[in-house]
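Asker: have a look at this prediction, sequence included:
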Amino acid sequence: MDPRFAQLTAALQQHPGRQLNLPGLELRDSAILAPFVVRGGDPRLLFTLRPAHLRRHGGQVSFPGGARDPEDATPLHTALREVREELGVPAEEIEVLGMLDEIPTTSEFRVVPYVGLLNPSVELHPDAGEIAEVLELPVSALLVPGLRRTEKWFYRGAERDVYFYDVGGHTIWGATARILSNLLSVISGLPAWGGAGPA
């Protein structure tokens with residue numbers, strides 16, 4: 001395995017994602033996959049741009065994923081099913097590296113984020129009803145110092161940090177930006193990715 005992804009897998013398995021503990025709040029289960037693909041030796045993260053007409057998250061940049069169906073045995077099954085439905089990528093073309101911390105969304109979902117590596121030869125077949133465009137953003141562009149900006153928003157009577165990444169002519173924000181921030185914080189500490197490694 002590419003040493004970058006070997007280190008990332010080890011880091012994710014050493015510190016598995018934390019489960020949410022929010023007593024009294026009923027959240028619906030959902031899951032996403034943050035998929036890497038390597039093009040010409042360059043690691044990229046794959047995102048989807050939702051069509052503007054969609055009632056939920058229209059026009060937003062997201063990772064492939066969605067709500068858990070009753071037939072999904074685990075959240076990972078949800079994430080892999082959604083990747084197949086949205087992008088036409090079968091599970092056998094994905095190497096699951098680990099998971100990140102669960103996060104809540106303002107739409108009252110519990111999101112379980114998984115990290116995966118796509119076979120670079122796999123063909124993407126985006127579902128036109130769900131995906132307006134597939135974005136492949138170089139990890140190097142996402143790690144630019146100072147790229148992430150933060151705004152203070154009030155939600156349910158509390159002030160919360162909302163993250164934004166402006167890259168490739170698109171803005172990544174909300175739950176996707178929070179998951180991305182968590183993933184980049186892991187990557188930035190790994191020597192094979194140019195980081196300083198553990199302190």
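Answerer: Perfect, thanks for sending it. Numbering: from 1, shown residues only.
Asker: using the three-state scheme, assign Arg18.
Answerer: Counting by DSSP: H, G, I helix; E, B strand; the rest coil, the backbone at Arg18 sits in coil.
Asker: list the contacts of it.
Answerer: 101-102 (CB atoms under 8 Å, 6 or more residues apart in numbering). Where you see a C-beta, it was placed from the backbone N, CA and C, and this is true even at glycine.
Asker: what does the pLDDT read for it?
Answerer: Note on Arg18: pLDDT of 75.
Asker: now swap in Asn21 and tell me
Answerer: 64.
Asker: quick one: the residue nearest the centre of the chain and Ser185, what's the gap?
Answerer: Central residue of the chain (CA atoms, centre = their mean): Ala34, 3.5 Å from the mean position. Applying CB to CB, to the nearest Å, the value for Ala34 to Ser185 is 13 Å.
Asker: all strands of the protein, in order?
Answerer: Ranges of strands within the chain are 28-39, 42-49, 61-62, 65-67, 94-99, 103-104, 109-118, 133-138, 148-155, 158-167, 170-173, based on DSSP state E.
Asker: for this protein, which residues score under the pLDDT cut-off?
Answerer: For the chain, applying pLDDT under 70 flags the ranges 20-25, 52-58, 155-157, 195-199.
Asker: go with 80
Answerer: Under the criterion pLDDT under 80, the flagged ranges of the chain are 16-27, 52-59, 105-109, 153-159, 195-199.
Asker: just checking, Glu93 touches Asn119?
Answerer: Yes: between Glu93 and Asn119 there is a contact at 4.4 Å, judged by CB atoms under 8 Å.
Asker: which residues does stretch 135-144 contact?
Answerer: Counting by CB under 8 Å, 6+ apart, 36-37, 39, 42-49, 61, 147, 165, 167-168, 170, 180, 184, 187-188, 193-194 sit against stretch 135-144.
Asker: now the residues you listed: which count as buried?
Answerer: 36-37, 43-49, 61, 165, 167, 170, 180, 184, 187, 193 (16 or more other CB atoms under 10 Å).
Asker: now render the strands of the chain as TSV, adding distance to Phe5.
Answerer: Output for those, formatted as TSV (distance: least, CB to CB, whole Å):
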stretch	distance to Phe5
strand 28-39	7
strand 42-49	8
strand 61-62	22
strand 65-67	20
strand 94-99	6
strand 103-104	23
strand 109-118	6
strand 133-138	15
strand 148-155	23
strand 158-167	21
strand 170-173	22
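Asker: winner for burial among those strands?
Answerer: strand 109-118 (a mean of 24; mean count of other CB atoms under 10 Å).
Asker: using CSV, write down the CA coordinates of that strand.
Answerer: The C-alpha coordinates for strand 109-118 follow below in CSV (Å, rounded to 0.1, in the frame of the first residue of the first chain):
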residue,chain,number,x,y,z
PHE,A,109,-28.9,13.4,11.6
ARG,A,110,-26.1,11.5,13.2
VAL,A,111,-23.4,11.2,10.5
VAL,A,112,-20.9,8.3,10.7
PRO,A,113,-18.0,9.3,8.4
TYR,A,114,-15.9,6.6,6.9
VAL,A,115,-12.7,7.1,4.9
GLY,A,116,-12.0,5.0,1.8
LEU,A,117,-9.6,4.6,-1.1
LEU,A,118,-11.1,4.1,-4.6
